[in-house]
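Asks: What would the 3D arrangement of this be:
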Amino acid sequence: MKRLAVVICALLALTGAAYARSPAPLVDVALAALPREAHATLVLIKAGGPFAYARDGSVFGNREKLLPLRSRGYYREYTVKSPGARDRGARRIVAGAGTAGDVRSSGEYYYSDEHYNSFRRIRE
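Replies: Okay, here's the model as predicted:
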């Protein structure tokens, strides 16, 4: 009986994986619609810094696969200051390296105000 339960659980897990939904399409957001702190972060990204947080510029793994799939190291994460937060807060811009391999000029930027739970593609 116990073995049957294990087999059923394994089959259910495999079935669920086979029918897993692909991520929702990215929604665009105009840069003008974002908080002013996001504007400031984007200016810093394009200038190459300096950044206020040590983690800014680190590799973003895209483990949840909410952004287009790319090789590891393609995406970099940057903090968007959250007024009143004692830590980095939940707001981020993730930048793609683009065809030239440089986040400063790629034009590929994504905004999250939910600590990577969702993203919107920034349109300038």
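
Asks: distance of Val103 from Arg86?
Replies: 27 Å (CB to CB, to the nearest Å). C-betas here are computed from N, CA, C, even on glycine.

Asks: hey, where'd the strands end up in the chain?
Replies: Using DSSP state E, the strands of the chain run over 27-30, 58-59, 75-79, 92-96, 109-112, 120-123.

Asks: follow-up on the earlier one: so for Val103 and Arg86, which residue has more residues nearby?
Replies: Neighbour count, other CB atoms under 10 Å: between Val103 and Arg86, Val103 has more, with 23 against 6.

Asks: who's in contact with the closest residue to that one other than its chain neighbours?
Replies: Using CB to CB, 6 or more residues apart in numbering and skipping the chain neighbours, the partner closest in space to Val103 is Ala95 (3.8 Å). Contact partners of Ala95, counting by CB atoms under 8 Å, 6 or more residues apart in numbering, are Ile45, Tyr75, Arg76, Glu77, Tyr78, Val103, Ser106, Glu108, Tyr109, Tyr110.

Asks: tell me, how many neighbours does the fifth one end up with?
Replies: Tyr78 has 25 neighbours, counted by other CB under 10 Å.

Asks: which residues of the protein fall in helices?
Replies: 2-18, 36-47 (DSSP state H).

Asks: Lowest average confidence across the ones you listed, which one?
Replies: For the helices of the chain, mean pLDDT drops lowest on helix 2-18, to a mean of 48.

Asks: buried residues in stretch 89-104?
Replies: Within stretch 89-104, the residues scored as buried using 16 or more other CB atoms under 10 Å are Gly89, Arg91, Arg92, Ile93, Val94, Ala95, Gly96, Ala97, Val103.

Asks: of all these, which comes closest to Ala40?
Replies: The nearest member of the buried residues of stretch 89-104 to Ala40, counting by CB to CB, is Ile93 at 10.3 Å.

Asks: My read is that that closest one contacts Val43, right?
Replies: No - contact criterion CB atoms under 8 Å: Ile93 and Val43 do not qualify, at 10.9 Å.

Asks: which residues does Tyr111 contact?
Replies: Tyr111 neighbours (CB under 8 Å, 6+ apart): Val29, Leu34, Ala38, Val80, Arg91, Arg92, Ile93, Phe119, Arg120, Ile122.
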